[in-house]
Structures are given as structure tokens and as C-alpha cells.
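Engineer: Predicted coordinates and the sequence they were generated for:
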There are 2 protein chains.
Amino acid sequence: MPKQITEMLKGTLEGMILAILAGQAAYGYEITAWLRDRGFTDIAEGTVYALLVRVEQRGLVDVEKVPSEKGPPRKVYSLNVEGQKALDEFWGTWSFLTERLEQLRNEGK
Amino acid sequence: MPKQITEMLKGTLEGMILAILAGQAAYGYEITAWLRDRGFTDIAEGTVYALLVRVEQRGLVDVEKVPSEKGPPRKVYSLNVEGQKALDEFWGTWSFLTERLEQLRNEGK
DNA sequence: ACCGGTACTCAGTGTTACTTTGTACCGGTA
DNA sequence: TACCGGTACAAAGTAACACTGAGTACCGGT
């Protein structure tokens, strides 16, 4: 994966995580693994955790501590109503961007 | 335009400008106006100029000074071979991102 | 007793776009 | 003549975000 993606992820990674949590509750390690499976091999673990802290502080997710069989307790995050609103907004902004970019790609200018 | 777009533009704005220049040579003020016309009303003039300086320093564009009828001389930028390569790379990375995001949007998770 | 996989945390860094301010040229108007 | 608005570019300082690297801790298997 080109490291160019790093900068492109700014502003979208948070939305991606909200989107993942919209599907089902998950914990940090799980989300990281999921992203790596989908080809985002360069996303650092620390990045995901930092992001989860941020969305938690913004009140977009609910958190529950769940004991794990093999390691420290998991912090399981789930999207709440505020989070759903933020996710909708994210998709709106994302659509705006992709539409313009697609147009740019097709017309040459 | 939501200010959420600001962060999303990081990493894509440079590609957008390369894409515009691929269509035809242009100067800073013109590019800014073009972007505003397309709905990117919040993009600051200074941002575009700074970006043009950057792509010039990276050797992705050729520059020509052209006298203007109403104002200081224009710096007209055109994409060179290196720039075309960078643009191709950009579209590749962009496709990668959009495909994953679209997938995320459709499956819920 | 040790090692590897699981799971989370935090301080410091680099890149990027924004903000603000400034310079300068020109045509039109009062 | 003096001023103003639109054109055109430049540069210093700021904020947000993802990365890096190091650390802590729990557990099962050898």
C-alpha cells in the first residue's frame, strides 16, 4: 500500500470506524485486524486506539468493558444516536467529494 | 460546505490540482476560481498557492510567466511527465480508498 | 520460567490545509 | 488626481490528524 494513503485517510478514517461500528459493536484490536484484512496494512494500531478515544470523548459511541479469555479486558464500542448522526454527515461529505473527483477524472478538466 | 471536508481534502487536494492541470495549463487564481465554481467554496486562496509551490518544488509541473492585462504577471503551470506519473499514482490510491469505502457503505460492515 | 499473541495507552513527530497579512498591478469613477 | 475594487501572488504562523515508538499487562503453551 502506498504511503500516499496516509494523508488521504485524514478525515476519512474516523468515518470508516464509525461505519464499522454501525455494522456491529467491536473493540480496538478487532477493528485494527479488520482494517488490515481489507488491505489497509499500514494503519498503525496506535492510530486506531487514538481515534477510538476521540470518538468516545465526542460522545459518538458507548463503551462497555468485557473480560477477554486471552489478554486484558476489551473495550467494546458501539455506535449511539449521536454517532449515527455523525456517520450520516460523514457519508454526505464523502459523497460530495467523490462526485467532484469522479467528474474531474472523467472530463480531463 | 461542512468544514469536515477540510480534513478530507488533505491528501486529495494536491491530486485534484494535478488533475485540473492535466486538462489544461492554468494559473493559481484561475484554479482557485474553478474550485469555488465546483462547490469548494471554503478553499482559501493561500492554500492553492502553497500547494502550487509544493508541486513545483517536487518537479511535477513546468512554469511559465505570462503578463496579465489586469494585474501582476500570471504563473501558468502545466503538468509534465513526472506530474503525469504522480497523477496516475494518485488515481490508483484514490480508487483503492473509494472501493473500500463503497464496500463499507453497502455491507453495513 | 519463558515466549508469543492479545489488548490497550501515551508522548512526541511530520504532513497538510487554513488563517492572516502583505505586496503589487490595473481600470474605472468621483 | 485620488481612491477603490478586482486580479494575482507570497509567506509566516496555527490546528488537526495519522504515524512512530515505546511501554504495560494478561494469558496459554512449551
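Structural biologist: Here it is on my side, so go on.
Engineer: From now on I want contacts and neighbour counts done on CA atoms only, so please keep to that.
Structural biologist: Noted.
Engineer: Spatially nearest residue to residue A:17, not counting backbone neighbours?
Structural biologist: residue A:31 (7.7 Å; Cα to Cα, 6 or more residues apart in numbering or on different chains).
Engineer: Run a quick neighbour tally on that neighbour.
Structural biologist: Close neighbours of residue A:31, defined as other Cα atoms under 10 Å in any protein chain shown, add up to 18.
Engineer: who's in contact with it?
Structural biologist: A:17, A:20, A:48 (Cα atoms under 8 Å, 6 or more residues apart in numbering or on different chains).
Engineer: So which of those belong to helices?
Structural biologist: Among these, the members falling in helices (DSSP state H) are A:17, A:20, A:48.
Engineer: Return the member of the contacts of residue A:31 nearest to chain B.
Structural biologist: For these, the residue nearest chain B by Cα to the nearest Cα is residue A:20; the value is 5.3 Å.
Engineer: Give me the neighbour count for the closest one.
Structural biologist: If you count neighbours by other Cα under 10 Å, residue A:20 ends up with 22.
Engineer: repeat for residue A:88
Structural biologist: 15.
Engineer: what's the helix or strand for it?
Structural biologist: Using DSSP states H and E, residue A:88 sits within helix A:81-107.
Engineer: what angle sits between that helix and helix B:81-107?
Structural biologist: Between helix A:81-107 and helix B:81-107, the angle formed by their directions is 140 degrees, by axes from the mean of the first three to the mean of the last three Cα atoms, to 10 degrees.
Engineer: what about residue A:28, distance to DNA strand C?
Structural biologist: 4 Å (Cα to the nearest atom of the strand, to the nearest Å).
Engineer: So for the residue nearest the centre of chain A, what's the pLDDT?
Structural biologist: Nearest to the geometric centre of chain A sits residue A:17, at 1.9 Å (Cα atoms, centre = their mean). On pLDDT, residue A:17 comes in at 96.
Engineer: and what of residue A:31?
Structural biologist: 95.
Engineer: Residue A:43 is in contact with residue A:36, correct?
Structural biologist: Yes - counting by Cα atoms under 8 Å, residue A:43 is a contact partner of residue A:36 at 7.3 Å.
Engineer: For the two, work out which one has more neighbours and name it.
Structural biologist: More crowded of residue A:36 and residue A:43, by other Cα under 10 Å: residue A:43, with 18 against 15.
Engineer: Can you tell me the SS state at the more buried one?
Structural biologist: Assigned state for residue A:43: coil (three-state reduction, DSSP: H, G, I helix; E, B strand; the rest coil).
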